[in-house]
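Engineer: sequence first, predicted coordinates after that:
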There are 2 protein chains.
Amino acid sequence: MGTSLKPANIEMPAPPRPNPGPDPRPMPDPNHADCRGVASVLSRVGDKWSVFVIMMLSDGPKRFNELKRMINGISQRMLTLTLRGLERDGLVTRTIFPTIPPRVDYELTELGHGLSRPVEALGKWAKDHLDRIEAARTKFDQRNEG
Amino acid sequence: MGTSLKPANIEMPAPPRPNPGPDPRPMPDPNHADCRGVASVLSRVGDKWSVFVIMMLSDGPKRFNELKRMINGISQRMLTLTLRGLERDGLVTRTIFPTIPPRVDYELTELGHGLSRPVEALGKWAKDHLDRIEAARTKFDQRNEG
DNA sequence: CAGCATCCGTGAAGATACTG
DNA sequence: CAGTATCTTCACGGATGCTG
């Protein structure tokens, strides 16, 4: 199917872009291969439970139920899965003390602490601009709903 | 169901925590109310498509299909939803040019540009430590699978 | 206390087709 | 070109019960 290739009515001159030059952009990393991997790391950050756990652990090791209490709303299942994920990524260590009852401490690794910095920066930004974002949301919802 | 409250075998003295003091931690923000809102912002960052779009838009406005091409793998539906979400949060603007064929430009707002900075910091961290993380993953998987 | 196994409901995401 | 609408799928997450 030709899908019409009429030379008429094609690409409009419509809006004069401020930047029509020959690609003068910095483009820090056009490498598509990296994106995949980076995305997997970012998705971990996007996981709200992971972020909370990292936050909670940023000031020292914690026990399982200690974390569960602090986060307040997470199910045991999710906490387990979250911790496993973080452990898998080398972001937290899991230390078992063979006492009775058993005790397990979770602690951020060097890598985990490193991650906590940009995450906290992001969290700070989020906190600082939260009101503006929520305002935008309300406004948008009103427009779209009224 | 007493679940046993024998004074014996209770809380162990097991591991001498380096920090058993009366909570000398900084605790930047114990406010639980904020967490909810912050989480909603973080979840947006965690959404891989949102991050990609923000990245793509960080160097100037783009059209719908332009973004679709650049991201390569996103469905039209997801791109639409992602852009709607970003627009709702006041992170991107949507400008319609009533030409034929129609043209819509998406551009980061001031807020969106502000967000792109910590996001890129996070992306940089992810890229820098990607190999270490992937190594940890492989190692973990081997342990758990072998 | 810490954690796994299981079941099940919800909704997020892809594919496809149609409209302005 | 830039969407909307619909259908289907399936992974995420909660609840529950059991083990070491």
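Structural biologist: Looks like it arrived, so ask away. Numbers count the residues shown, from 1 in each chain, chains lettered A, B, ... in the order given.
Engineer: any idea how far residue A:42 lies from DNA strand D?
Structural biologist: 14 Å (CB to the nearest atom of the strand, to the nearest Å). Any C-beta I mention is one placed from the backbone N, CA and C, and that applies to glycine too.
Engineer: quick one: residues contacting that residue.
Structural biologist: By CB atoms under 8 Å, 6 or more residues apart in numbering or on different chains, the contact list for residue A:42 reads B:45, B:46, B:48, B:51, B:122, B:123, B:126.
Engineer: got it, and residue A:106?
Structural biologist: Contacts of residue A:106 by CB under 8 Å, 6+ apart are A:53, A:57, A:61-64, A:67, A:83, A:87, A:92-95.
Engineer: now with 7 Å?
Structural biologist: Going by CB atoms under 7 Å, 6 or more residues apart in numbering or on different chains, residue A:106 touches A:57, A:61, A:62, A:67, A:83, A:92, A:94.
Engineer: follow-up on the earlier one: by neighbours, which of the contacts of residue A:42 wins?
Structural biologist: Taking other CB atoms under 10 Å in any protein chain shown as the neighbour criterion, residue B:51 ranks highest of the contacts of residue A:42 with 26 neighbours.
Engineer: skip the chain neighbours and tell me the closest residue to that one.
Structural biologist: Nearest residue to residue B:51 in three dimensions, chain neighbours excluded: residue A:42, at 5.5 Å (CB to CB, 6 or more residues apart in numbering or on different chains).
Engineer: check whether the helix or strand containing the one you found comes near DNA strand C.
Structural biologist: Following DSSP states H and E, one finds residue A:42 within helix A:32-46. No. Counting by CB under 7 Å from any atom of the strand, DNA strand C has no neighbours in helix A:32-46; the shortest distance is 9.2 Å.
Engineer: pull that helix out as PDB, backbone CA atoms only.
Structural biologist: Output of helix A:32-46 as PDB, limited to C-alpha atoms (Å, rounded to 0.1, in the frame of the first residue of the first chain):
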ATOM      1  CA  HIS A  32      21.700   2.400  22.900                       C
ATOM      2  CA  ALA A  33      23.200  -0.700  24.400                       C
ATOM      3  CA  ASP A  34      23.800   1.100  27.700                       C
ATOM      4  CA  CYS A  35      20.200   2.200  27.900                       C
ATOM      5  CA  ARG A  36      19.000  -1.300  28.600                       C
ATOM      6  CA  GLY A  37      21.200  -1.800  31.500                       C
ATOM      7  CA  VAL A  38      20.700   1.700  32.900                       C
ATOM      8  CA  ALA A  39      17.000   1.200  32.600                       C
ATOM      9  CA  SER A  40      17.200  -1.800  34.800                       C
ATOM     10  CA  VAL A  41      19.000   0.200  37.500                       C
ATOM     11  CA  LEU A  42      16.600   3.000  37.200                       C
ATOM     12  CA  SER A  43      13.600   0.700  37.500                       C
ATOM     13  CA  ARG A  44      15.000  -0.400  40.800                       C
ATOM     14  CA  VAL A  45      15.100   3.200  41.900                       C
ATOM     15  CA  GLY A  46      11.600   3.600  40.600                       C
END
